[in-house]
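Asks: Generate coordinates for the sequence data below:
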Amino acid sequence: MNRFSCYTLVTGASDGFGKALAIECARRGMNLILVALPGPGLHHLANFIKKNFFVEVRFFEADLTIEAECYQLYSNIAKHHLPVNVLVNNAGTGNTQMFTESSPEFITQQIKLNVLASTLLTRLFVPELQRHTPAHILNVGSLCSFFYLPKKQVYGATKSFIYFFSKSLRKELKYDGVSVSVVCPGGMNTNLSVSLMNRKANFLSRISFLNPERVAPIVIDKMLKGKEVIIPGLVNQVSMLLDKLLPAFVKNILTDKLMKRLKPVNIPTVQIHKDSSPMAA
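Replies: From the prediction side, this is the model:
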């Protein structure tokens, strides 16, 4: 069974990078299963792809922070007999906040979406991918997974997990006809608020930001060629090179200077009630 009779499953497909990846796959004649939170974006994208590309498109609304919905998604796809040979774990959420500014609830949801959902969906679909080789898994990480940045502590940690998980899984599936790739982009103009924020950034930050529509063709091409780690953008690639060349003490000095420039914040008190909080012992 070739890839054109199978389906590519893309999570977080309704906007941003996921939308760009889905459209690029459609351009290449790949049938699609689109997954995102309930909302008009998913319907609009599915209709756009159906009108402009000769591919099959199915879509499912799901909140992947809920474990049961991950299982339900897998069950629905199996029930409709949709063979999957490409899994794109794109769904995720980021933020730029000091640790004490993030609510415990947000942190929990971020870890569930960025780590648990991708891991669980991969586990559910790997046997399916092994039945429809050659197959591919594309996990969306981040350049943050290589750097210890203030205001990116939990997000960076979740993406470090994705990086480690992808590289380890690649070794396990190497001889099963399933290639595992991880893409580690830097900043991307995924929505209007990010674009506006980018305009206020310094020159180096501005030129490092990429447009999803330009990144997607590069990423899909390298995924299909079996590339292990994909880092789009020249500035991001240079950043990786400098990270390897600079001694640890120099990087620590630069990080300390960055921390001194950050405004001090009042640490909010977190109220934990034993009768309702999932964090209670």
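Asks: C-alpha only now, for contacts and for neighbours.
Replies: OK.
Asks: where are the low-confidence patches of this structure?
Replies: For the chain, the stretches with pLDDT under 70 are 1-4, 189-208, 236-237, 243, 249-281.
Asks: gap between the biggest helix by length in the chain and the chain center?
Replies: Assignment by DSSP state H gives helix 153-173 as the longest helix of the chain. Centroid separation for helix 153-173 versus its chain: 11 Å, with Cα atoms, centre = their mean, to the nearest Å.
Asks: who does it touch, helix- and strand-wise?
Replies: Here helix 153-173 touches helix 104-111, strand 135-140, strand 178-183, going by 3 or more Cα pairs under 8 Å, 6 or more residues apart in numbering; DSSP states H and E.
Asks: what are the ranges of the helices in the stretch 1-150 of the chain?
Replies: 16-27, 40-52, 67-79, 104-111, 118-131 (DSSP state H, counting those that start in this stretch).
Asks: circling back to that earlier point, residues contacting the longest helix of the chain, please?
Replies: 93-95, 99, 107, 110-111, 114-115, 139-142, 144-149, 178-182, 228 (Cα atoms under 8 Å, 6 or more residues apart in numbering).
Asks: ok, now with 7 Å
Replies: 94, 111, 114-115, 139, 141-142, 144-145, 179-182 (Cα atoms under 7 Å, 6 or more residues apart in numbering).
Asks: Just give me the neighbour total for residue 149.
Replies: For residue 149, the tally of surrounding residues (other Cα atoms under 10 Å) stands at 16.
Asks: From here on, call the first residue 40.
Replies: Got it, first residue is 40 now, which makes that one residue 188.
Asks: Phi and psi next, for it.
Replies: phi -110, psi 140 (degrees, to the nearest 10).
Asks: ok, it to residue 135 distance?
Replies: For residue 188, the distance to residue 135 equals 10 Å [Cα to Cα, to the nearest Å].
Asks: Now do the strands in the stretch 190-320 of the chain.
Replies: Along the stretch 190-320 of the chain, the segments classed as strands by DSSP state E, counting those that start in this stretch run 217-222, 268-269.
Asks: just the ones you listed: most buried one?
Replies: strand 217-222 (a mean of 27; mean count of other Cα atoms under 10 Å).
Asks: and that one, how far out from the chain's middle?
Replies: Per Cα atoms, centre = their mean, the centroid offset for strand 217-222 relative to its chain is 13 Å.
Asks: Adjacent strands (with direction) for that strand?
Replies: Paired strands of strand 217-222, with direction, are strand 174-179 (parallel), strand 268-269 (parallel) (DSSP bridges).
Asks: Run through who's touching it.
Replies: Strand 217-222 has contacts (Cα under 7 Å, 6+ apart) with 168-169, 172-180, 202, 205, 209, 212, 262, 265-270.
Asks: one more time with 6 Å, if that's ok
Replies: 174-180, 209, 265, 267-270 (Cα atoms under 6 Å, 6 or more residues apart in numbering).
Asks: which ones are touching residue 74?
Replies: Contact analysis of residue 74 by Cα under 6 Å, 6+ apart lists 50, 51, 52, 98, 99, 100.
Asks: Count the neighbours of the second one for me.
Replies: So the one you mean is residue 51. Counted with other Cα under 10 Å, residue 51 comes out at 25.
Asks: correct me, but it touches residue 60?
Replies: No: assessed by Cα atoms under 6 Å, residue 51 is found out of contact with residue 60, at 10.1 Å.
Asks: thinking again about what came up before, just so I know, which of the strands paired with strand 217-222 lies nearest residue 108?
Replies: Residue 108 lies closest, by Cα to Cα, to one member of these: strand 174-179, at 19.3 Å.
Asks: Alpha carbons of that closest one, in PDB - could you do that?
Replies: Listed next in PDB are the C-alpha coordinates belonging to strand 174-179 (Å, rounded to 0.1, in the frame of the first residue of the first chain):
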ATOM      1  CA  ALA A 174       5.800   5.100   7.400                       C
ATOM      2  CA  HIS A 175       6.800   8.300   9.200                       C
ATOM      3  CA  ILE A 176       6.400  10.000  12.500                       C
ATOM      4  CA  LEU A 177       7.100  13.700  12.700                       C
ATOM      5  CA  ASN A 178       7.200  15.100  16.200                       C
ATOM      6  CA  VAL A 179       7.300  18.900  16.600                       C
END
